[in-house]
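Novice: okay, sequence plus prediction incoming.
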Amino acid sequence: MSVLIGTASGAFRLDGDTRDLVTGTRVNHLAAWEESWWAVDAGGRILRDAETVAQMPGGAEPLCVQPTPHTVWIGSTEARLYGIDHGALTEDEFFATAPGREKWYTPWGGPADVRSMTIDADHTLYVNVHVGGILRYDNTGVVPTIDIDSDVHQVAAHPTQKSAVFAACAFGLAATRNGHDFEIRADGLHAAYCRAVAVLEDRVLVSASTGPRSSQARLYRGGLWDGGFEPLGNGLPEWFPANLDTHCLVVRDDIVYAGQGDTVWQSDDGGDSWSVAVSDLPEITCLG
């Protein structure tokens, strides 16, 4: 059992017990890759194994990190994408001129952000812009996929199926088998506003609520491609007091972890049953 936990005041590794990785900073996102871990914080730092390797330029704030075999991608405020190559941080010029960028927006009128990223089993990168849909980045360039107004909050890929990608949206769970054509479903959800998603070999988990400031949030499980969703319990709270948020639901070594408030729960059986993995933490901001 080993999962990374980001909080409002640092990061921890849970491996039997909790071990401090970095303290004194709000961790926006973190990700394990091979023998290392990467994190981005609210102060604009990009960290590898607790060492600062780069600082975001011009006051931009890094919001998510996605290691790959060839580079480490950093998504930031103002919908910018950066790559780290040989220790240098460089904005990606293809994403900076992505098709449809002029239509990206936020409900409150500010600039859009890169909110989440994932790579599929073929190492193709998918970038979630909020609000700007999902862009697939492969050897053909940057290609828009799902409709912008689907209002995507997190994108996650299937662990072994190429081009199989899932997204928690404001109107339900979106899924594609080919990396481009998404269909959205919400049957069985008490409300369709979805924030977090995690994918197992044969099922998908998604959090749903009544809206961005909901006090009625719940975790659900469903089949990969069709059918309704069923609510999860059996050791997990029936209702969360706020959204189970983007990046707060993750699968590591077939164990599912969910983090909300000051507690992380774990399920060793795909969501059938849950137990508290750790509690009394600072405010949880992400899992990785």
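Specialist: Cool, got the structure. Numbers count the residues shown, from 1 in each chain.
Novice: can you give me the pLDDT of the closest residue to Glu183 other than its chain neighbours?
Specialist: Closest residue to Glu183 apart from its sequence neighbours, by Cβ to Cβ, 6 or more residues apart in numbering: Ala175 at 6.2 Å. No exception for glycine: its C-beta is placed from N, CA and C like everyone else's. On pLDDT, Ala175 comes in at 98.
Novice: other SSEs contacting the host helix or strand of Ala175?
Specialist: For Ala175, the host element (DSSP states H and E) is strand 172-176. If you count contacts as 3 or more Cβ pairs under 8 Å, 6 or more residues apart in numbering; DSSP states H and E, strand 172-176 packs onto strand 165-169, strand 183-185, strand 193-199, strand 204-209.
Novice: got the CA positions of the third one in PDB?
Specialist: Yep, that's strand 193-199 we're talking about. Below are the C-alpha coordinates for strand 193-199, written out as PDB (Å, rounded to 0.1, in the frame of the first residue of the first chain):
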ATOM      1  CA  TYR A 193     -22.400  17.300 -11.500                       C
ATOM      2  CA  CYS A 194     -19.200  15.100 -11.400                       C
ATOM      3  CA  ARG A 195     -15.800  16.200 -10.100                       C
ATOM      4  CA  ALA A 196     -13.400  13.200  -9.800                       C
ATOM      5  CA  VAL A 197     -13.000   9.900 -11.800                       C
ATOM      6  CA  ALA A 198     -10.800   6.800 -11.400                       C
ATOM      7  CA  VAL A 199     -10.600   3.800 -13.700                       C
END
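Novice: please name the bridge partners of Leu173.
Specialist: Beta-bridge pairing of Leu173, defined through DSSP bridges, involves Ala168, Arg185.
Novice: no wait, Thr18
Specialist: Leu14.
Novice: any idea how far Asn28 is from Trp104?
Specialist: 20 Å (Cβ to Cβ, to the nearest Å).
Novice: those two: who's more crowded?
Specialist: Legend: neighbour count by other Cβ atoms under 10 Å for Asn28 and Trp104, higher for Asn28 (22 against 18).
Novice: helices or strands up against the helix or strand of the chain with the lowest mean pLDDT?
Specialist: The helix or strand of the chain with the lowest confidence, counting by mean pLDDT, DSSP states H and E, is strand 17-23 at a mean of 84. Under the contact criterion of 3+ Cβ pairs under 8 Å, 6+ apart, strand 17-23 touches strand 10-15, strand 36-41.
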